[in-house]
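Undergrad: Give me coordinates for this.
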Amino acid sequence: MEQIRCFISDVERRGMEDSSIHNWISRLKDAMYDADDIIDLASFEGSKLLNDHSCSPRKTIACSGLSLLSCFSNIRVHHEIGNKIRSLNRKLEEIAKDKIFVTLENTQSSHKDSTSELRKSSQIAESNLVGKEILHASRKLVSQVLTHKEKKTYKLAIIGTGGIGKTTLAQKVFNDEKLKQSFDKHAWICVSQDYSPASVLGQLLRTIDAQCKQEESVGELQSKLESAIKDKSYFLVLDDVWQSDVWTNLLRTPLYAATSGIVLITTRQDTVAREIGVEEPHHIDLMSPAVGWELLWKSINIEDEKEVQNLRDIGIEIVQKCGGLPLAIKVIARVLASKDKTENEWKKILANYVWSMDKLPKEIRGALYLSYDDLPQHLKQCFLYCIVYPEDCTIRRDDLIRLWVVEGFVEVHKDQLLEDTAEENYYELITITEKDMVVIPSMGKEEIKLRTFRTQPNPLGIEKTFFMRFTYLRVLDLTDLLVEEIPDCVGYLIHLRLLDLGGTNISCLPNSIGALKNLQMLNLQWCKSLYSLPSTFTRLSNLKRLGLDFTPINQVPRGIGRLEFLNDLEGFPVGGGSDNTKMQDGWNLQELSHLSQLRRFDLNKLERATPRSSTDALLLTDKKNLKSLHLCCTERTDEAYSEEAISNVEMIFEQLSPPRNLEDLMIVLFVGRRFPTWLSTSLLSSLAYLKLKDCKSCVHLPPIGQLPNLKYLRIKGASAITKIGPEFVGCWEGNLRSTGAVAFPKLKLLAIEWSFAPRR
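TA: The predicted model follows:
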């Protein structure tokens, strides 16, 4: 196995040229998936065995020291797993004996240097070139817009092939200062090929600061848009339009309520522009070799004129291989930026087989495939995984990081949480790639066994038989589907790592969920009908993330402290001291002592907690991985908090002193009159993000002006504060003398929102 792994990266590259190598890779991947499945099955059956023997010390001792397989008392299971292992071994032997493998093994050494390493010091410059042409074109389009801005509806289009710079030009026009001052509303909507009408309308409404709800119909959203735009002027960009009906059937009627409007679309097709009724089409032509060469060397940031001349001929050949596409030229510039600026190095790029690969889709020929091929190996699989998201979908960083972890794409580093490593991969990837600068090769779309199921929100539910048909699933994302019930057979999904039921209509979870021993992430946020978790929940021994935000959970099983791998816990409901030994109305803060890996932690209903009386009362200071902490109380509308309750809340918050490495802190609906004393410079030296929301009883702001790394500060709804004194910025001592220190040395954003009752 290790021998096979050593050159798999190089083999995949050559497999794009040779169908026999490609087939060999597919067989190998099949075997790897089988191995993964066997490990899961053995782990699942082994955990059941340990549970069965938990009440029998004699049997447990008998199994200690033996292999996991030898402990299975169930002969059928023993036989099944044994057969699977033998079958896998035969597969691997056949793969290793294949003449393709022998050939690859013999030629591996000659290809060792074929994979380049990105030099982190190499930077690709933002060229001013595309330059002159874009500036001229944008001025022309801006002039057209301003000339026709009083018209009821005036439509323009930027037309050209993919990667030619339509979006870049549209952005230049959209950001023009004269246009910003000429219209009441501005909006940029990315439409894409498979757009959702409700999504487009919702995005447009939010962009023009109008409220909308997720469950509203297309008709309701159109009515809201009509009301929001009535008697106003607008400038709207519809980027990447593939079908004219986004305008003719969806947006034209509601936007007619405006006094005037300009619509600028970008599209690859003249027919789309004609069907929309565009008055002024603007076509973008391919670059000439000379202009393309100028873009290339300026993008690489070659400053030596002699170098420019020496590389000119080979550079123009590379530009011609790019077919005059600015995108392809900028992509190949990124690849060349990591190489030595010599003719020999550039000739290697020009001689690369990818230019002649005819099995790749048209969109990823040559330069664009090279950009993927040049990624570091540990990032390739992470990048390819983005294919599970629809085109132009907004990808949340935290969601993507979690998916990389549960899919097993992140390498283990000593003394570092996988989530931290995945976050490093994320930031490394976005420094290497830009929008459309790297394209996913088609081989990444192959399905061997369905391991990931994601779907877009739609009015349909999901059949119960689904859970029986796809038993190899690792990721099951049913977010916002009209699912009201999860059947017991979900327990058969023993390979499942992530289960996302956020925004569904479920009212309960089956006890069989406790059988999902491999489950690492469970998302239950925004489940408005879910009030309890099953008693088997605490058997999810490998759970790393639990999301309960905006879900009215009021019944939970005792023992969350047993889930020692939890590092991401959102919506933790604090308990109020239920007498039930098995179920309670929330979790006790004392159970936090076992959760040493917490990385992100959100606590709700903190007013229900009981302060600790012991000298070792601090609950979070030992959580060395904790980076994000959200603390929230519950707002009372029926009666005010008693003095005792207020005092208890203040004590609880004091005991929630975070570790020094905390980076993100939010305090919401704090009912105390004074902020905790740890909210100061010395204890929060790493804090970068701070939000204080609706802390309506505090009469003084905390002295946070000297927090050395604070970048973003938001204060909202602090209605008891009538003035901000010098103590807030931390520049005054007890004798009122200035310390001379600079307040908020790294602050980038300060937002303070107050609302006062009018005087009578």
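
Undergrad: Residue 238: neighbour count?
TA: 25 (other Cβ atoms under 10 Å). C-betas here are computed from N, CA, C, even on glycine.

Undergrad: correction: residue 430
TA: Neighbour number of residue 430 under other Cβ under 10 Å is 10.

Undergrad: Let me see the backbone angles for residue 492.
TA: As for residue 492, its main-chain torsions (degrees, to the nearest 10) stand at phi -80, psi -10.

Undergrad: Apart from its chain neighbours, what residue comes closest to it?
TA: Distances taken as Cβ to Cβ, 6 or more residues apart in numbering place residue 471 nearest to residue 492, at 5.6 Å, with adjacent residues excluded.

Undergrad: In this structure that neighbour contacts residue 491, no?
TA: No: judged on Cβ atoms under 8 Å, residue 471 makes no contact with residue 491 at a distance of 10.7 Å.

Undergrad: More neighbours: the two, which one.
TA: More neighbours surround residue 491 than the other of residue 471 and residue 491, with 18 against 15 (other Cβ under 10 Å).

Undergrad: I'd guess that one is in a helix, am I close?
TA: Yes: with DSSP: H, G, I helix; E, B strand; the rest coil as the criterion, residue 491 is part of a helix.

Undergrad: List the contacts of it.
TA: Contacts for residue 491 (Cβ atoms under 8 Å, 6 or more residues apart in numbering) come out as 510, 512-516.

Undergrad: that older thread, give me every residue that touches the residue nearest to residue 492.
TA: 492-495.

Undergrad: One more: residue 504?
TA: 478-484, 527.

Undergrad: do residue 406 as well
TA: 474-475, 497-498, 520-521.

Undergrad: Kindly report the same for residue 164.
TA: With Cβ under 8 Å, 6+ apart, residue 164 has these contacts: 284, 286, 325-327.

Undergrad: Buried members of those residues into ChimeraX, please.
TA: Buried members of those, defined by 16 or more other Cβ atoms under 10 Å, are picked up in ChimeraX with:
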select :284,325,326,327
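
Undergrad: Where is pLDDT lowest across the contacts of residue 164?
TA: Lowest pLDDT among these: residue 327, with 79.

Undergrad: got any ranges where the stretch 101-250 of the chain has weak pLDDT?
TA: Scanning the stretch 101-250 of the chain with the threshold set as pLDDT under 70 gives 101-132, 214.

Undergrad: Check the stretch 401-550 of the chain too.
TA: 431-449, 456-462, 464.

Undergrad: Any chance of TSV for the contacts of residue 471, columns neighbour count and distance to residue 388?
TA: Shown next, in TSV, are the contacts of residue 471 (neighbours: other Cβ atoms under 10 Å; distance: Cβ to Cβ, whole Å):
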residue	neighbour count	distance to residue 388
492	16	23
493	23	18
494	20	21
495	23	17
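
Undergrad: now, among those residues, which is nearest to residue 697?
TA: In terms of Cβ to Cβ, no member of these lies closer to residue 697 than residue 493, at 47.3 Å.

Undergrad: shouldn't that closest one be in contact with residue 473?
TA: Yes: counting by Cβ under 8 Å, residue 473 is a contact partner of residue 493 at 5.5 Å.

Undergrad: Residue 33: what secondary structure?
TA: Classification of residue 33 using three-state DSSP returns helix.

Undergrad: Check what pLDDT it gets.
TA: With respect to pLDDT, residue 33 scores 81.

Undergrad: How about the one 10 residues further on?
TA: Per-residue confidence at residue 43 stands at 77 (pLDDT).

Undergrad: what packs against the helix or strand that contains it?
TA: Residue 43 belongs to helix 19-52 when assigned by DSSP states H and E. In this structure, helix 19-52 packs against helix 8-15, helix 75-97, helix 99-107, with contacts taken as 3 or more Cβ pairs under 8 Å, 6 or more residues apart in numbering; DSSP states H and E.

Undergrad: pLDDT on stretch 627-641, on average?
TA: 91.

Undergrad: Identify the residues contacting it?
TA: Against stretch 627-641 from outside (Cβ under 8 Å, 6+ apart): 570, 599-607, 620, 649, 653, 656, 658, 661-671, 694.

Undergrad: gap between it and the chain center?
TA: Averaged C-alpha coordinates place stretch 627-641 at 28 Å from its chain's average position (Cα atoms, centre = their mean, to the nearest Å).

Undergrad: Tell me the buried residues in it?
TA: Buried residues in stretch 627-641, counted by 16+ other Cβ under 10 Å: 627-633, 641.

Undergrad: farthest-separated two in those residues?
TA: 627 and 641 (30.6 Å).

Undergrad: Look up how far residue 496 lies from residue 282.
TA: 50 Å (Cβ to Cβ, to the nearest Å).

Undergrad: cool, and residue 283?
TA: Residue 283 is 50 Å from residue 496, by Cβ to Cβ.

Undergrad: Between these two, which is the more surrounded one?
TA: residue 496 (29 against 12).

Undergrad: residue ranges of the helices in the stretch 551-700 of the chain, please?
TA: 643-655 (DSSP state H, counting those that start in this stretch).

Undergrad: quick one: low-confidence parts of it?
TA: In the stretch 551-700 of the chain (pLDDT under 70), the answer is 577-581, 614-617, 681.

Undergrad: for residue 540, what are its contacts?
TA: Contacts of residue 540 by Cβ under 8 Å, 6+ apart are 513-514, 516-517, 519, 522, 563.

Undergrad: Buried by neighbour count, from the contacts of residue 491: which ones?
TA: Buried, going by 16+ other Cβ under 10 Å: 510, 512-516, out of the contacts of residue 491.

Undergrad: which one among these gets closest to residue 752?
TA: residue 513 (44.4 Å).

Undergrad: on that earlier part again, as CSV, the contacts of residue 540 with distance to residue 170 and secondary structure would be great.
TA: What follows is the contacts of residue 540, written out as CSV (distance: Cβ to Cβ, whole Å; DSSP: H, G, I helix; E, B strand; the rest coil):
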residue, distance to residue 170, secondary structure
513, 48, helix
514, 52, helix
516, 47, coil
517, 50, coil
519, 44, coil
522, 41, strand
563, 49, coil
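
Undergrad: From the residues you listed, pick the one nearest residue 231.
TA: Of the contacts of residue 540, the one sitting nearest to residue 231 (Cβ to Cβ) turns out to be residue 522, at 48.2 Å.

Undergrad: so what's the closest one bridging to?
TA: Counting by DSSP bridges, residue 522 is bridged to residue 499, residue 546.

Undergrad: Grab the nearest non-local neighbour of residue 310.
TA: residue 343 (6.7 Å).

Undergrad: Kindly report the same for residue 261.
TA: residue 234 (4.6 Å).

Undergrad: what comes into contact with whichever helix or strand the one you found is part of?
TA: Residue 234 belongs to strand 233-239 when assigned by DSSP H and E. With Cβ under 8 Å, 6+ apart as the contact definition, strand 233-239 has outside contacts at 145, 149, 166-167, 170, 173-174, 179, 182-191, 204, 208, 246-247, 251, 255, 258-266.

Undergrad: From the contacts of residue 504, pick the one nearest residue 155.
TA: The nearest one, if we look at the contacts of residue 504 relative to residue 155 and count by Cβ to Cβ, is residue 480, at 33.3 Å.

Undergrad: Many thanks, I have nothing further to ask.
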